[in-house]
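Novice: No letters, just coordinates:
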């Protein structure tokens, strides 16, 4: 399937994801409005392994039985 690009996405997997309108070739339109689609939640303070709140929830003792 082929078509024209409508939006360009940017960001980092561990920080945020943004979206903005683009030209049909996929290049960003200068001064186009940027919309933040997702922001990574802060990591738990007590975590020493880089896990997210979701990972802590999955590994909690209430689900290990």
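Specialist: Here it is on my side, so go on. As the structure is a computational prediction, the values presented were derived from the model and not from experiment.
Novice: Determine how far the helix or strand bottoming out on mean pLDDT in the chain lies from the middle of the whole chain.
Specialist: Least confident helix or strand, the chain: helix 53-59 with a mean of 80, by mean pLDDT, DSSP states H and E. With Cα atoms, centre = their mean, to the nearest Å as the basis, helix 53-59 stands 18 Å off its chain's centre.
Novice: Also stretch 32-52?
Specialist: The answer for stretch 32-52 is 8 Å, by Cα atoms, centre = their mean.
Novice: try stretch 19-30
Specialist: From the chain centre to the centre of stretch 19-30 is a distance of 19 Å (Cα atoms, centre = their mean).
Novice: and the least confident helix or strand of the chain, which residues are buried?
Specialist: Neighbour counts over helix 53-59 (16 or more other Cβ atoms under 10 Å) mark no residue as buried. For every residue, glycine as well, the C-beta is placed using N, CA and C.
Novice: quick one: contacts of it?
Specialist: With contact meaning Cβ atoms under 8 Å, 6 or more residues apart in numbering, helix 53-59 is reached by 41, 43-44, 47, 51, 63.
Novice: For residue 33, state which of those residues is nearest.
Specialist: Closest approach to residue 33 among the contacts of helix 53-59 (Cβ to Cβ): residue 41, at 24.5 Å.
Novice: sorry, back to before: Throw the contacts of helix 53-59 into a markdown table and include distance to residue 9, thanks.
Specialist: Listed next are these as a markdown table, based on distance: Cβ to Cβ, whole Å:
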| residue | distance to residue 9 |
| --- | --- |
| 41 | 20 |
| 43 | 23 |
| 44 | 28 |
| 47 | 28 |
| 51 | 26 |
| 63 | 33 |
